[in-house]
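Visitor: What shape does this take:
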Amino acid sequence: MGQRRPEGRPNIGARRIPAAIAGLLLAALFLVPAAAAGADVAAGPGRMFERIVSLGPLLTENIYLLGSGDSLVGNTIYCQRPPAALDKVKVGSVQELSIEKIVSLRPQLILASNLTPPPQIEKLRQLGYRVEVFRQPASFADICAHFLRLGQLLGRKAEAEAIVVQAREKVEAVLQAVADLPRPKVFLQVGAHPLFSSVKSSFTNDFIELGGGINVAGELRSGAMKMEQVMALNPDLIIIAVMGTEHGVGAEERRRWLAYPAIGAVRAGRVHVLDPDLVCSPSPLTFADTLITIARLIHPGAAIPP
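Guide: Below you'll find the model as predicted:
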């Protein structure tokens, strides 16, 4: 994840926020210039591409969410959602691609992520293919802007707008529900070896701030941390969302935290493991649904809407 501090983000801090002001903060999150999405596509009506190759799992998921899954002819080995994505031709991993296999699929559009090696993007462009790059989002607003851009590209503008509206309504409902509640300190772990936390330059920070908490690592320039730093920050809640959780890494990390009862979250039994695919790679709707889950962990017993 990039470490650039995005401009125009709310500095919520430790205070409680009246509901009316919370609404204004949420509105500010949604006012994103086109440049925030890394848009380099010309304005105007989108067109329908019949042969698309996706080089990123989130891009693949969003193609299906927009109803364009039939146009997808190839993706990576990490593109596993929805299940239909497993049946597409695999062109390599996220960072190691087979140019020959991509060419064999005769794509009209190639969708790349910030993890796609730039030399391979340049090679594909030199071969005459249209390659659109989607950078890592730094906020929920970026996630929505990227999704709208994809909808424009695929000729699914109306569908994209409807999904974004639905997601924003869910997020606004959460923000209103937690606006007047105390803001506990939250540590969101997104990496295990090394220990890595959510920071303000990442959209994962929005899970904490919009969910009514304070990111204990929010002021750090880098998310790399040591156990002693976390202990000193003494979070009230620890959320673990690390890759490999499906193979037991998350449970292992939880056991490691439970060995430190000096941390308030450990004493209170508030150390939880979440699916890293939802936390670290969300669409607008999965962001909103994951926010609801995290807000309920931050404020158990609060009237968080479904």
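
Visitor: all strands for the protein, in order.
Guide: Assigned by DSSP state E, the strands in the chain fall at 52-54, 72-75, 89-90, 109-113, 131-134, 185-191, 196-197, 214-215, 237-240, 271-273.

Visitor: model confidence over the fourth one, on average?
Guide: Strand 109-113 shows an average pLDDT of 97 in the prediction.

Visitor: Which neighbours in the sheet does that strand have, and how are they oriented?
Guide: strand 52-54 (parallel), strand 131-134 (parallel) (DSSP bridges).

Visitor: repeat for the last one
Guide: Each strand that strand 271-273 pairs with, and the sense of that pairing, follows from DSSP bridges: strand 237-240 (parallel).

Visitor: just how off-centre is the strand it pairs with within its chain?
Guide: Distance, stretch centre to chain centre, for strand 237-240: 17 Å (Cα atoms, centre = their mean, to the nearest Å).

Visitor: Kindly report the same for stretch 57-68.
Guide: 14 Å.

Visitor: Just the buried positions in it, please.
Guide: By neighbour count on 16 or more other Cβ atoms under 10 Å, the buried set for stretch 57-68 is 57-66, 68. Glycine gets a C-beta too; all of them are placed from N, C-alpha and C.

Visitor: for stretch 72-81, same thing?
Guide: By neighbour count on 16+ other Cβ under 10 Å, the buried set for stretch 72-81 is 72-76, 78-79, 81.

Visitor: Low-confidence bits of the stretch 1-150 of the chain, can you list those?
Guide: Scanning the stretch 1-150 of the chain for pLDDT under 70 picks out 1-47.

Visitor: Let's see that with 50 instead.
Guide: For the stretch 1-150 of the chain, the stretches with pLDDT under 50 are 1-25, 27-28, 30-46.

Visitor: just the helices in it please.
Guide: Counting by DSSP state H, counting those that start in this stretch, one finds helices in the stretch 1-150 of the chain at the ranges 19-30, 57-65, 99-104, 118-126, 140-153.

Visitor: and the last one, how far out from the chain's middle?
Guide: The gap between where helix 140-153 is centred and where its chain is centred comes out at 12 Å by Cα atoms, centre = their mean.

Visitor: and what of the fourth one?
Guide: For helix 118-126, the distance between its averaged C-alpha position and the chain's averaged C-alpha position is 26 Å (Cα atoms, centre = their mean).

Visitor: Tabulate the buried residues of stretch 57-68 in TSV, adding columns for distance to Pro107.
Guide: Shown next, in TSV, are the buried residues of stretch 57-68 (distance: Cβ to Cβ, whole Å):
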residue	distance to Pro107
Pro57	18
Leu58	18
Leu59	13
Thr60	14
Glu61	18
Asn62	17
Ile63	13
Tyr64	17
Leu65	20
Leu66	17
Ser68	13
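
Visitor: Pro118: which of the buried residues of stretch 72-81 is nearest?
Guide: Of all these, Pro118 sits closest to Thr76, with 16.7 Å by Cβ to Cβ.
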